[in-house]
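1. dropping the sequence and predicted coords here.
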Amino acid sequence: MRIGVVTFPGSLDDGDARRAVRLAGAEDIGLWHNDPELHQVDAVVLPGGFSYGDSLRAGAIARFAPVMESIVDAAKGGMPVLGICNGFQVLCEAHLLPGALTRNTHLHFRNRDQALRVQSTSTSWTKNFTEDQEIIIPVKNGEGRYVADEAVLDELEATGRVVARYAGGNPNGSSRDIAAIRNEAGNVVGIMPHPEHAVDALTGPSTDGLAFFASVLAHLAGRVGVEA
């Protein structure tokens, strides 16, 4: 399996994401922001960082990158896409996910190991978890507060599209403790904490994040089996 990881100007977790892909057992493929070609990847990760220096607002310029036009089309066609932190912001700006990520309510950058409760396992990126499983992965953001109007939040709740919630304290003031959401089809997931930083027991704080990458490989393998 080939998983592409995009590098935008200002990306800083693309290397970590590529390492997580390799540890999960896939081939990591670098995707360049100015190149619309997806190079026959099976899934895409939009990594954390400060794409285009967060000019205008986080993710606002990255959504117009040539590679994003291809990713939007591929996502609408069913390709699995995971947006982590800044990648989550880009997915919202590209209207692949509803809502927006805004300044933390306390106006401080928050960097800590964070407990999450997995709410949805019916996505390409979470099928290896169990519902209500508690995991620990790092969070590091200054604009990580997920917001949406009440109608959108109610719809996300009613349709099971909240993928994970913060447990043991909300680090940024996100509405309804939301840490991750998905699209209707379940192939696009945005998550504010960083699973790619929790894939190795040596660097910790856990290896819980590896299951996100293993999940998409299991999903892709299953799809190949069905198509065959």
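-> Everything's here; your move.
2. can you show me the helices along the chain?
-> 14-24, 66-76, 86-93, 150-158, 210-227 (DSSP state H).
3. so which of those comes closest to Lys127?
-> With respect to Lys127, and counting by C-beta to C-beta, the nearest of the helices of the chain is helix 210-227 at 4.7 Å. (Glycine included, C-beta is placed from N, CA and C.)
4. how far off centre is that closest one?
-> The gap between where helix 210-227 is centred and where its chain is centred comes out at 16 Å by C-alpha atoms, centre = their mean, to the nearest Å.
5. for it, which outside residues touch it?
-> Under the contact criterion C-beta atoms under 8 Å, 6 or more residues apart in numbering, helix 210-227 has outside partners 1, 3, 20-21, 23-26, 42-43, 80, 82, 123-129, 135, 191, 195-196, 198-199.
6. which of the residues you listed fall in strands?
-> For the contacts of helix 210-227, the ones inside strands are Ile3, Ala43, Leu82, Ile135, Ile191, with DSSP state E as the criterion.
7. what about those, which one has the most neighbours?
-> Most neighbours among the ones in strands among the contacts of helix 210-227, by other C-beta atoms under 10 Å: Leu82, with 31 neighbours.
8. tell me what the most centrally placed residue in the chain is bridged to.
-> In the chain, the C-alpha nearest the mean C-alpha coordinate belongs to Gly83, at 2.9 Å (C-alpha atoms, centre = their mean). Partner residues in beta bridges with Gly83, using DSSP bridges, are Leu46, Gly190.
9. just checking, it touches His194?
-> No. Here Gly83 does not reach His194: they are 11.6 Å apart, not a contact under C-beta atoms under 8 Å.
10. now do the contacts for the residue nearest to the centre of the chain.
-> Taking C-beta under 8 Å, 6+ apart as the criterion, Gly83 is in contact with Val45, Leu46, Gln89, Val90, Leu91, Leu97, Val188, Val189, Gly190, Ile191.
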